[in-house]
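>>> My questions concern the predicted model and sequence given below.
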Amino acid sequence: MQWETVIGLEIHAQLATRSKIFSGAATAYGAAPNTQACAVDLGLPGVLPVLNEGAVRMAVKLGLAIGADIAPRSVFARKNYFYPDLPKGYQISQYELPVVSRGQLEIELEDGQAKTVGITRAHLEEDAGKSLHEDFHGMTGIDLNRAGTPLLEIVSEPDLRSAREAVAYMKKLHSLVRYLGICDGNMQEGSFRCDANVSVRPRGSDTFGTRTEIKNLNSFRFVERAIDYEVERQIDVLEGGGTVVQETRLFDPDQGETRPMRSKEEANDYRYFPDPDLLPLDIDAAFIEAVRATLPELPDEKKHRFMEQYGLSAYDAGVLTASREMADYFEAVAAACQGPAKTAANWVMGELSAALNKDGLEIGDSPVTAEALGGLLRRIHDNTISGKIAKEVFEAMWAGEGDADTVIEAKGLKQITDTGAIEQVIDQVIADHPQQLEQYRAGKDKLFGFFVGQVMKRTGGKANPAQVNDLLKGKL
Amino acid sequence: MHEKTIAELAAALQAREVSSVELTEHYLRRIETLDDALNGYITVTAEQALEAARAADDARAQGRAGALTGVPMAHKDIFCTEGVRTSCGSRMLDNFVAPYDAGVVERFKAAGCPVLGKTNMDEFAMGSSNETSYYGPVRNPWDTERVPGGSSGGSAAVVAARLAPGATGTDTGGSIRQPAALTGITGLKPTYGRVSRWGMVAFASSLDQGGPMARTAEDCALLLNVMAGFDRRDSTSLERPEENFTAALDRPVKGLRVGLPKPFFGEGMAPGVARVLEEAIDHYKGLGVEFREVDLPNAGLAVPAYYVVAPAECSSNLARFDGVRFGYRCEDPKDLLDLYTRSRGEGFGAEVKRRIMVGTYALSAGYFDAYYLKAQKIRRLIADDFARAFQEVDVLLGPTTPDTAFRIGEKTDDPVSMYLSDIYTIAVNLAGLPGMSLPAGLADGLPVGMQLIGNYFDEARLLGMAHQYQMGTEWHRMAPGGFK
């Protein structure tokens, strides 16, 4: 039987507010346990939540960016369950009336086709704390620094048909939230994580199979591996005559498999009801318009502009706009280099990206600024150095030896463009290789490259290649 | 000295007839000698009170005294107090010392009022008799075999017995008005949102409201001046222009249109209560008040709706008491579930558990629509009933309770009959309206309360109407024998 995979993702994006969603405590990552938890976060008796308007603004920002409906009135509800790192015994979330609903995101498939993925809803909620099971000698430690951190849970329609599609969607959303400046996207710190709902059904069927939910996937690679494994597992179960059990599973990256979460026998009943401590969230048109005015250029718009304005291919424009930081960097290089944007694009995607990868750096931490790289490219365009020498200069700049002009000067890499000087070298080369000259003149055209190579070698690569070509042709 | 009202004490302090330290010491001595018979205080804070009294006297000496500077008072033990235990009448919080003051507590501190102590109450404010307190029942100073009402029974008893000139209370379904009625004092439940709930341990968040308890309407107005006001830490707090609740006390009530709700005067009201109310109505008629009957067709649904909404909210509000971070924790828990079940099982009393279970049930999948949602709809209907009534009249008048104080133990085995003692007060909470109770007479030697209900933000009118009554009557001056 042919099987079709059906996937929907629930992505939790931690909103980049300075303080928590319902308290004034800081949200910074990595503080000593329980130092960023105030009375509200601890759930002490008598404390009350006050909604952080910044979190609402960020949710609306996402809603506008995905063409969604912004609810004029949404409601915070309590999701009741007991867990040691859930201080109040309930999580404040949005249930029946989320702030954002019915949006969409366009992703590009491997064959270059575009696909529109529906986004059912995005709602605001608070994160829980952390239970720490190590270092406590059989006890559990509770760190409530994360409790009350604002999250936007973004729920897709079951529109995704493969692990690859799921990853493409997740990457696109990851790029979008960072463009919008509403989430730092740091997956290792858990700022952007994903639960995947996965099911399979016979191809052509229009009903869904029983799904499982894989919890807490915090890298693109894990999402892909976990879904691939889970799809295979479900198909094996079904082809073996079994049925898929609806359950929550965890992905074990070491074993490369998903396993059912240890769960209590009883079904969870969260007893949602509107939180009486919070008024309904009313959002008027003026608020929405004020947020709209702060929207940056979005990835798709930027990509099209790059193609138009810089004459880049769809591929190049796509790579350069994958993150806002890279796009901004590219544009700064293009502005500074005073030459063709294509060269700037090639350098950003080539030398720069390779160097960043090698050193494990983000583009924002690049030791070579966009202006400095632009300065280097300017020296290619004005023939001070060749493209090949430029790579050497770039390496020196990367190592902190100064800007392009300083390095060129210090290493004496300036290109030789003096016709007389080049002619002198050419004359010497010709004089030293009479045999090759004879062969060339006898029609062995291939030897032209040999003469070029000899000239470049004797000038330490600094002779202007175009001039060398022209002058050699005349002399030979 | 303790015979004086808050207004009279404030005047005496201002005239330097007495110092705050002398006054505070006087009340502390009374508490020392008389409270054993009542059990009105859970914690007496003599040291802090005297320190605050000295500061109040200093402030006065330096010309920085406000209206109530130096007047001692007491807080219901539901309001968090920094550095002093806040037990909420529960074993669960017997060891709990809040690291912060409730908004209401801050305001009284700023006003310069020494706090004599924290008053006894039904556990987590769940009860109508003060018998559910972990610290034992409070006794009614009018008859120590009887209950003072609840849940603010400690505050009511200590004010009635002159062990504090005034006290704070909270009212979720009648918890200020019912004990005020049963102890012969005056108590006001303000409009929902008037008084900050920050730092007030939550029972049912959409109903809870703090308010003043004192001997007279004028005193309640003075206390409300301190308590009321916007607090950005409470999202349900209302941003309103500042109001002086004593300003309109002297306004005559002539021509005031007062409604008598039909369902409040039907079956169930004790004859003694009915007689007292008739006399009070006659008194008002003499002052020129116009009475007419009004209907509140859905009033009969108030008690059942309340006993869905309040337990539902409480089941969630009390989930934080899990033995993990603060409060009671059982000995030697063997695993997480054991920690939860025993800490909660041992830390909560029977009535609290009953309500948590009722509320959990009402919110459960499959029952939510039939109970919680339906109760919310009834709430809307009840609020609409009141809105219609207030198109015709300015104030509603009726009994606060069906009967006078009952005997300790009389209703503990019959929760429904206990719940019905709030039959006249609950609808006011469901609608979020202001309501008050003031003493209007005695039946068989026990105080009878008269309830006034106003439209939203009409506290000043209620207080004025009560004050005008108290100007012409002596019921608010009655003191229980043995506490004179």
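Yep, that arrived.

>>> Quick check, central residue of the chain?
Since no chain was named, I'll use chain A. residue A:175 (4.7 Å; CA atoms, centre = their mean).

>>> Chain B is the one I meant
Short answer for chain B (CA atoms, centre = their mean): residue B:176, at 2.2 Å.

>>> So the spatially closest residue to residue B:238 that is not a sequence neighbour: helix, strand or coil?
Among residues not flanking residue B:238 along the chain, residue B:193 sits closest, at 3.8 Å (CB to CB, 6 or more residues apart in numbering or on different chains). Quick note: C-beta positions are derived from backbone N, CA and C, even for glycine. Put simply, residue B:193 is coil when judged by DSSP: H, G, I helix; E, B strand; the rest coil.

>>> Can you give me the neighbour number for residue A:130?
16 (other CB atoms under 10 Å in any protein chain shown).

>>> An error on my part: the question was meant for residue B:233.
Using other CB under 10 Å: residue B:233 sits among 17 other residues.

>>> Might one say that it is in contact with residue B:197?
No: between residue B:233 and residue B:197 there is no contact under CB atoms under 8 Å: 9.0 Å.

>>> Please, which helix or strand holds residue A:402?
Counting by DSSP states H and E, residue A:402 is held by no secondary-structure element, helix or strand.

>>> cool, and residue B:292?
Using DSSP H and E, residue B:292 sits in strand B:290-294.

>>> Next up, the contacts around the residue lying closest to residue B:342 once chain neighbours are set aside.
Nearest non-adjacent residue to residue B:342, counting by CB to CB, 6+ apart: residue B:330, 3.6 Å away. The contact partners of residue B:330, by CB atoms under 8 Å, 6 or more residues apart in numbering or on different chains, come to B:323, B:338-339, B:342-343, B:345-347.

>>> on that earlier part again, any common contacting residues for residue B:233 and residue B:197?
A:48, B:103.

>>> Would you mind measuring from the residue nearest to residue B:342 to chain A?
According to CB to the nearest CB, to the nearest Å, residue B:330 and chain A sit 15 Å apart.

>>> Skip the chain neighbours and tell me the closest residue to the one residue in chain A that gets nearest to chain B.
Proximity to chain B, evaluated over chain A using CB to the nearest CB, is greatest for residue A:89 at 2.4 Å. Leaving aside its chain neighbours, residue A:89 sits nearest to residue B:319 (2.4 Å; criterion: CB to CB, 6+ apart).

>>> doesn't the one you found fall inside a helix?
Yes: according to three-state DSSP, residue B:319 belongs to a helix.

>>> Tell me what the nearest residue to residue A:252 once chain neighbours are set aside is bridged to.
Excluding the flanking residues, the one nearest residue A:252 by CB to CB, 6+ apart is residue A:259, at 6.2 Å. Legend: beta-bridge partners of residue A:259 under DSSP bridges are residue A:250.

>>> before we move on, the earlier item: packing partners of the strand holding residue B:292?
With contacts taken as 3 or more CB pairs under 8 Å, 6 or more residues apart in numbering or on different chains; DSSP states H and E, strand B:290-294 sits against strand B:257-261, helix B:271-286, helix B:374-392.

>>> Please indicate which of the ones you listed has the most neighbours on average?
strand B:257-261 (a mean of 19; mean count of other CB atoms under 10 Å in any protein chain shown).

>>> picking that back up, pick out the most distant pair among the contacts of residue B:330.
Farthest-apart pair in the contacts of residue B:330 is B:338 and B:347; separation 13.7 Å (CB to CB).

>>> Which one's more surrounded, these two?
Using other CB under 10 Å, the more surrounded residue of residue B:338 and residue B:347 is residue B:347, with 23 against 13.

>>> residue in chain B nearest to chain A?
Nearest residue of chain B to chain A: residue B:319, at 2.4 Å (CB to the nearest CB).

>>> what's that residue in contact with, if anything?
A:80, A:82, A:88-90.

>>> partner strands of the strand holding residue B:292, parallel or antiparallel?
Take DSSP bridges as the rule and strand B:290-294 pairs in its sheet with strand B:257-261 (parallel).

>>> Can you give the contact residues for the partner strand?
B:281, B:284, B:289-296, B:299, B:389, B:392-398, B:465.

>>> can you give me the mean pLDDT across that strand?
Strand B:257-261 shows a mean pLDDT of 98.

>>> cool, and stretch B:476-484?
For stretch B:476-484, the per-residue pLDDT averages 93.

>>> Need the residues that contact it.
Outside stretch B:476-484, the residues that touch it by CB under 8 Å, 6+ apart are B:3, B:34, B:37, B:140-142, B:160-163, B:183-186, B:215-217, B:438-439, B:442, B:447, B:470.

>>> next one: that stretch to chain centre, how far?
20 Å (CA atoms, centre = their mean, to the nearest Å).

>>> CA atoms of that stretch as PDB?
Extracted in PDB, the C-alpha atoms of stretch B:476-484 (Å, rounded to 0.1, in the frame of the first residue of the first chain):
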ATOM      1  CA  HIS B 476     -25.100  51.000  66.300                       C
ATOM      2  CA  ARG B 477     -24.200  52.200  69.800                       C
ATOM      3  CA  MET B 478     -25.300  48.900  71.500                       C
ATOM      4  CA  ALA B 479     -22.500  47.000  73.000                       C
ATOM      5  CA  PRO B 480     -22.700  43.300  73.900                       C
ATOM      6  CA  GLY B 481     -22.700  42.700  77.700                       C
ATOM      7  CA  GLY B 482     -19.300  41.900  79.000                       C
ATOM      8  CA  PHE B 483     -17.600  43.900  76.300                       C
ATOM      9  CA  LYS B 484     -18.800  47.400  77.100                       C
END
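
>>> Could I get the pLDDT score of the residue nearest to residue A:89?
On pLDDT, residue B:319 comes in at 98.

>>> repeat for residue B:451
Model confidence at residue B:451 (pLDDT) stands at 98.

>>> ok, now how distant is residue A:286 from residue A:428?
From residue A:286 over to residue A:428 the distance is 78 Å, taken as CB to CB, to the nearest Å.

>>> neighbour-wise, which of the two wins?
Taking neighbours as other CB under 10 Å, residue A:286 and residue A:428 compare with residue A:428 leading, 13 against 8.

>>> per-residue pLDDT, the nearest residue to the more buried one once chain neighbours are set aside?
Leaving aside its chain neighbours, residue A:428 sits nearest to residue A:458 (7.2 Å; criterion: CB to CB, 6+ apart). As predicted, residue A:458 sits at a pLDDT of 85.
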